[in-house]
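Q: pasting the sequence and the predicted coordinates here, then a few questions.
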Amino acid sequence: MNRRSPKSGSILVIVMVTLIFTATALVMFLEKANNDLAVDARVIVANRLRREAYSAVEVTLATLVDFGLADNGLHSTGEGWGDPLKWAGWTPDPGHTVEVSFQDESAKIPLNHADSATLTNLFQAWKMTQTDSQHLADVLLTWMQQNYIPTNTFNPDYEQGSLPYTPPYRAMRSQNELAAIDYAKDVFYDKQGRPNDLWWRFWNDCSIYNFRSPNINAANSDVLAAVGQFGDDQQQTIGNYLAGTGNYSSLGPQWFTNSTAVRGVVGVVGNTGSFGTTITALRILVTVREGPHSQYRLSVVVSPGTSGAKTVQTTATNVKAGASTSATGETTAADNTPGTPAPPINQSHETPTSAQASAAAAGPAALQYPFTILEVLENDQIPVQPPPPPAKSG
């Protein structure tokens, strides 16, 4: 009877363990390689869609320039530039679909110029009580203005919190600042700290950019009530005029070009002089799709010419130091001033002429771009309002 030696059995166990480890390592390697390939493929697709999105933005801006020159500025998509890619005859690469939409950022209330009455009117349009509306306006303006005197007793002590800080005393640069403002954080966020419906309503009604007056051609009902003090009837009349419905159905979509035209539609009611009629900040939203799953989203806010909206450049005020410092780490326009470029290398070792020396000292000529880029957001950076919850069945 043959007996297998203990030594051969040990060798068999070692071989089996080695095979198991080898197989496990091979499976892990294949999984990692598969993940790496998937990531690389997504990056390649994203870069391809990204180029398509920026091409669509440039075509859109070129179309807007044409309409702006023809109509003495942009007023409303009713002028005909609502589908800029079709107007320009531009088509994406095969297999791609591109959608372009607009949001008139300058149709909102500019927080940089908002006063107590306007904000109180706005919050009352949200069906908040007079007391709560005034209190919310007070906390926001106390945050943004150093010398603002609230209408009621309000003494926030931000320095006594677990993370001490002081109000910046300048207009908000991000709506996320609401999370740091006493009382406002309770109004605009739920118990889990997520933006609620009022946060999104504030985002749709108020702008962080610096411009003088909202464009009435795209102002929503909240803005019409807060700034113009228009009632429901006047709001409906303005909507009918702009959409070409109701009493204005025979005219088709219209747009206002001056406050006199607004007065001719709404009559003597309301404050028409508080509105503008030209777009000064426009958000361009581009979505590029490839197949059923690949998507790239781009949001660009532009300001036409040099007289349009600007970003808030005022730095936060350090009350204790009595000086201005940047509380957010952001820089002002002066901080972004580029240095003088170095003159080109003269590889021929010849003495440059006076004309060449002057050209080198002057640096490259400034690009006469017809728009100022105020903001660029991509994909997950773009705020997306969640859909409303489904209605409860009876």
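A: Received the coordinates, thanks. Here the structure is a predicted model, which is why all the values come from computation and not from measurement.
Q: from Val286, how far out is Ser55?
A: For Ser55, the distance to Val286 equals 9 Å [Cβ to Cβ, to the nearest Å]. Yep, even glycine has a C-beta here, placed from its N, CA and C like the rest.
Q: who has more neighbours, those two?
A: Val286 (23 against 17; other Cβ atoms under 10 Å).
Q: so which residues make contact with the one helix or strand the more buried one maps to?
A: Assessed by DSSP states H and E, Val286 sits inside strand 282-290. Contacts to strand 282-290, defined as Cβ atoms under 8 Å, 6 or more residues apart in numbering, come from residues 45, 48-50, 52-53, 56-57, 60-61, 64, 74, 92, 95-106, 295-304, 375, 382.
Q: correct me, but Pro370 touches Gly305?
A: Yes - if you go by Cβ atoms under 8 Å, Pro370 and Gly305 touch, sitting 6.7 Å apart.
Q: Leu298 belongs to a strand?
A: Yes - checked against DSSP: H, G, I helix; E, B strand; the rest coil, Leu298 lies within a strand.
Q: residues in contact with it?
A: 50, 53-54, 57, 284-288, 376-378, 382.
Q: can you tell me which of those has the most neighbours?
A: Highest neighbour count within the contacts of Leu298, by other Cβ under 10 Å: Val288, with 25 neighbours.
Q: report the beta-bridge partners for it.
A: Val98, Tyr296 (DSSP bridges).
Q: ok, now Ser207?
A: Pro110.
Q: quick check, pLDDT for it.
A: At Ser207, the predicted lDDT confidence score is 97.
Q: can you count the residues close to it?
A: 26.
Q: pull up the gap between it and Val227, please.
A: Ser207 is 12 Å from Val227, where distance means Cβ to Cβ.
Q: around Ala117, how many other residues sit close by?
A: Residues near Ala117, counting by other Cβ under 10 Å, number 13.
Q: where's it relative to Asn210, distance?
A: Ala117 is 20 Å from Asn210, by Cβ to Cβ.
Q: same check, this time on Lys108
A: Noted for Lys108: a distance of 12 Å to Asn210, by Cβ to Cβ.
Q: who has more neighbours, the two?
A: A count of neighbours by other Cβ under 10 Å puts Lys108 above the other of Lys108 and Asn210, at 26 against 21.
Q: contacting residues for the nearest residue to Asn247 once chain neighbours are set aside?
A: Leaving out its chain neighbours, the residue that sits closest to Asn247 by Cβ to Cβ, 6 or more residues apart in numbering is Asn240, at 6.2 Å. Listed by Cβ under 8 Å, 6+ apart, the contact set of Asn240 reads 246-248.
Q: and those, which is closest to Lys127?
A: Gly246 (25.7 Å; Cβ to Cβ).
Q: if I look at the nearest residue to the closest one once chain neighbours are set aside, how far off is Gly264?
A: Nearest non-adjacent residue to Gly246, counting by Cβ to Cβ, 6+ apart: Asn240, 3.6 Å away. Distance, Asn240 to Gly264, by Cβ to Cβ: 14 Å.
Q: that older thread, please, which helix or strand holds the residue nearest to Asn247?
A: For Asn240, the enclosing helix or strand under DSSP H and E is helix 232-243.
Q: which parts of that helix are buried?
A: Within helix 232-243, the residues that count as buried by 16 or more other Cβ atoms under 10 Å are 234-235, 237-238, 240-242.
Q: for stretch 136-155, same thing?
A: 136-145.
Q: then stretch 271-285?
A: 272, 274-285.
Q: and which of these is nearest to Asn217?
A: Looking across those and measuring by Cβ to Cβ, the closest to Asn217 is Thr277, at 6.1 Å.
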